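Q: Predicted model and sequence follow; I will ask about them next.
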2 protein chains.
Amino acid sequence: MSQPSLDPSRLADKYVEEVRLALATANQTPRVVGLIASDDQPSLAYAGVTKRKFTDIGIEYDLRQVERLKLESEIHRANEDPDVDGIFIYFPVFGNQQDDYLRNQVDYKKDIEAGSHFWVRKLYANDRWVDDDLNKKALLPCTPLAILKLLTELGVYNTDAARPIEGKTVTIFNRSEVIGRPLAVMMSNDGGLVYSFDVHGALAFRKAEPSEINITREEALAESDIVITGVPDTRFQKVSASEIKTGAVCVNFASIPNFEDDINTQASIYLPRVGPMTVAMCMRNTLRLYENFHHDKPS
Amino acid sequence: MSQPSLDPSRLADKYVEEVRLALATANQTPRVVGLIASDDQPSLAYAGVTKRKFTDIGIEYDLRQVERLKLESEIHRANEDPDVDGIFIYFPVFGNQQDDYLRNQVDYKKDIEAGSHFWVRKLYANDRWVDDDLNKKALLPCTPLAILKLLTELGVYNTDAARPIEGKTVTIFNRSEVIGRPLAVMMSNDGGLVYSFDVHGALAFRKAEPSEINITREEALAESDIVITGVPDTRFQKVSASEIKTGAVCVNFASIPNFEDDINTQASIYLPRVGPMTVAMCMRNTLRLYENFHHDKPS
């Protein structure tokens, strides 16, 4: 049994079309500023691709290449500019704590990645609204949301059930505040038992609640129906076919492969990247922010 | 020439006394909650010492030992409790990004460490007030402030000058958002040329502005009048006497020694730790927060 690797672009098309239609129907043109602090050609090429994707569906996308030491003032400038409805930053910039600081300088009303503490805190508190009248829906961080939508498209999520992955066990390698921890909370809220690993060890999540656990990587993988990796470090020991359950669903969201090439011999599904769905979720968040906060502004 | 290592406790006494006097004179008793998520005996002993220090000068100190997975909800409980005027968290807790998230869950009006983005952003923006009437002074993060006060007590800062370290060169190993970057901004604002190193390389800071620079550790150290280290990693190559200028001032704020034992043969001053002054600055911040936000509350 060897499955082909799946293309997330095709799976994202439906969501991209939904946003395009909503924007076209309402005759709205949100404006996003994309900030890239890099001279690296592949990074600039990637930024160009996202610009085209946003532009194609009717979102004005102002891509600005800036020096990294000017990025903070550029974020504040975009925050204060009433003509800007959304801000997208190409990370990593400094690759250290300063990136978290920068992420949190984005006005939450313009944070289309929903990676700032304001939105993540809402998720942890299970607070789904941004206003007291319950008219304005909260945003979800775009990469965790993208992974859930991919699993839905692949039929791994049973959308007819109250808890779509009830009884399933999940292992996630990454417990960052922007992706890994929100994802563990969301998937455990959806019924999964989630083992969340980082370099310091494992936590278990059940019904959105973390608990301490003593479990090895080997034990967690042997139990897991779904394995999700996001470790941008070549020292990470790649997950191999011999470690996973036959038929497991495998998803990698790191910028480098975290699974061995043989993973398709055991996995029922292997998704080597999620990027295109993340971009689709950013577009969806752009629409939501525009409707929540910006569409009544004077023109 | 061999200088003794200096005791920061003695240098902190003056500041501790100032806070004690201000509290006694005004007959005020702020209340601080200290949250420790550790079973480690040395950590608990240290927490006991801080409790005693706060209590000694007239600040009620409620030390609470909590599970790390309960820390977030304990922070929110203390935020919402009108009887709590200040919150102190014993870091590290998780040792990863989650610690930054937790640090930023503390209400800025109760953040006596002033390590949340609210206060650090004020520092970077050179915004010294928290109200439009300029009555309420902003807080400064307590460890960088402690280092500046230590250098003042030691006569390294010329307090008669407009820029107290004009013409001096500084090397700092640590560019965290809580200590290293704020410290580089503050010391460059005070007239120093600051080389700031982290694992990704160096930046130069002049008059609170960072710039890119190509400089090796060896070059920076050979030029520096002041060397400050804060690398809690045993893989860091300790700074040795042969690397520094004769007469340089050396300060270590890491939990482990970042200087070789021979440093006193070249340094004019060696301060192996800053902790007691940090505690003094937290007390000072407690008083300021109490005056700014809490002393008018109904009793």
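A: Looks like it arrived, so ask away.
Q: use CA for all of it now, contacts and neighbours both
A: OK.
Q: can you give me the offset of the longest helix seen in chain A from its chain's centre?
A: For chain A, the longest helix by residue count, based on DSSP state H, is helix A:8-26. Centroid separation between helix A:8-26 and its chain, computed with C-alpha atoms, centre = their mean, to the nearest Å, is 17 Å.
Q: Around chain B, which positions in the stretch 51-200 of chain A sit nearby?
A: A:69, A:94-98, A:101, A:104, A:117, A:176-177, A:200 (C-alpha under 8 Å from any C-alpha of the partner chain).
Q: Check whether the closest residue to residue A:58 other than its chain neighbours sits in a helix, strand or coil.
A: Distances taken as C-alpha to C-alpha, 6 or more residues apart in numbering or on different chains put residue A:29 closest to residue A:58, at 6.0 Å, once the chain neighbours are dropped. The three-state label given to residue A:29 by DSSP: H, G, I helix; E, B strand; the rest coil is coil.
Q: Same question for the one 5 residues further on.
A: Under the three-state scheme (three-state DSSP), the conformation of residue A:34 reads as strand.
Q: My guess is it contacts residue A:91. True?
A: No: the pair residue A:34 and residue A:91 fails to qualify as a contact (C-alpha atoms under 8 Å) at a distance of 11.1 Å.
Q: These two: who's more crowded?
A: More neighbours surround residue A:34 than the other of residue A:34 and residue A:91, with 21 against 16 (other C-alpha atoms under 10 Å in any protein chain shown).
Q: per-residue confidence at that one?
A: The per-residue pLDDT reported for residue A:34 equals 98.
Q: list the contacts for it?
A: A:51, A:61-64, A:87-90 (C-alpha atoms under 8 Å, 6 or more residues apart in numbering or on different chains).
Q: Can I get the residues you listed in CSV including secondary structure?
A: Listed next are the contacts of residue A:34 as CSV, based on three-state DSSP:
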residue, secondary structure
A:51, helix
A:61, strand
A:62, strand
A:63, strand
A:64, strand
A:87, strand
A:88, strand
A:89, strand
A:90, coil
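Q: Show me what the strand or helix carrying residue A:185 is packed against.
A: Secondary-structure element containing residue A:185, defined by DSSP states H and E: helix A:180-189. Other elements packing on helix A:180-189 under the criterion 3 or more C-alpha pairs under 8 Å, 6 or more residues apart in numbering or on different chains; DSSP states H and E are helix A:117-124, helix A:142-153, strand A:169-173, strand A:193-198, strand A:201-206.
Q: What average pLDDT does the third one get?
A: In this case it means strand A:169-173. 98.
Q: Indicate each strand paired with it and its parallel or antiparallel sense.
A: strand A:193-198 (parallel), strand A:226-229 (parallel) (DSSP bridges).
Q: For residue A:273, which of these is the nearest?
A: Checking the strands paired with strand A:169-173 against residue A:273 by C-alpha to C-alpha gives strand A:226-229 as the closest, at 9.9 Å.
Q: next SSE after the closest one?
A: strand A:249-252.
Q: Strand partners (parallel or antiparallel) of that following strand?
A: Counting by DSSP bridges, strand A:249-252 is paired with strand A:226-229 (parallel), strand A:269-271 (parallel).
Q: so which of those is the most packed in?
A: strand A:226-229 (a mean of 24; mean count of other C-alpha atoms under 10 Å in any protein chain shown).
Q: Just the CA coordinates for stretch A:210-225, please, in PDB.
A: Extracted C-alpha coordinates of stretch A:210-225, given in PDB (Å, rounded to 0.1, in the frame of the first residue of the first chain):
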ATOM      1  CA  PRO A 210      -3.900  20.100  29.300                       C
ATOM      2  CA  SER A 211      -2.600  17.600  31.800                       C
ATOM      3  CA  GLU A 212       0.900  16.300  32.700                       C
ATOM      4  CA  ILE A 213       1.800  12.900  31.200                       C
ATOM      5  CA  ASN A 214       4.700  10.600  31.000                       C
ATOM      6  CA  ILE A 215       4.800   9.200  27.500                       C
ATOM      7  CA  THR A 216       7.600   8.600  25.000                       C
ATOM      8  CA  ARG A 217       7.500   9.600  21.400                       C
ATOM      9  CA  GLU A 218       7.400   5.900  20.400                       C
ATOM     10  CA  GLU A 219       4.400   5.200  22.600                       C
ATOM     11  CA  ALA A 220       2.500   8.200  21.400                       C
ATOM     12  CA  LEU A 221       3.100   7.500  17.800                       C
ATOM     13  CA  ALA A 222       2.200   3.800  18.100                       C
ATOM     14  CA  GLU A 223      -1.200   4.900  19.500                       C
ATOM     15  CA  SER A 224      -2.000   7.800  17.100                       C
ATOM     16  CA  ASP A 225      -4.500   7.900  14.300                       C
END
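Q: centre of the chain versus that stretch, how much separation?
A: 23 Å.
Q: Residues in contact with it: which ones?
A: Against stretch A:210-225 from outside (C-alpha under 8 Å, 6+ apart): A:168-171, A:195, A:202-205, A:227, A:243-245, A:247-249, B:69.
Q: Secondary structure element holding the closest residue to residue A:72 other than its chain neighbours?
A: Nearest non-adjacent residue to residue A:72, counting by C-alpha to C-alpha, 6+ apart: residue A:102, 6.4 Å away. In the assignment (DSSP H and E), residue A:102 maps to helix A:97-103.
Q: For that helix, which outside residues touch it?
A: Outside helix A:97-103, the residues touching it (C-alpha under 8 Å, 6+ apart) are A:72, A:89, A:91-93, A:115-116, B:97, B:117, B:176-177.
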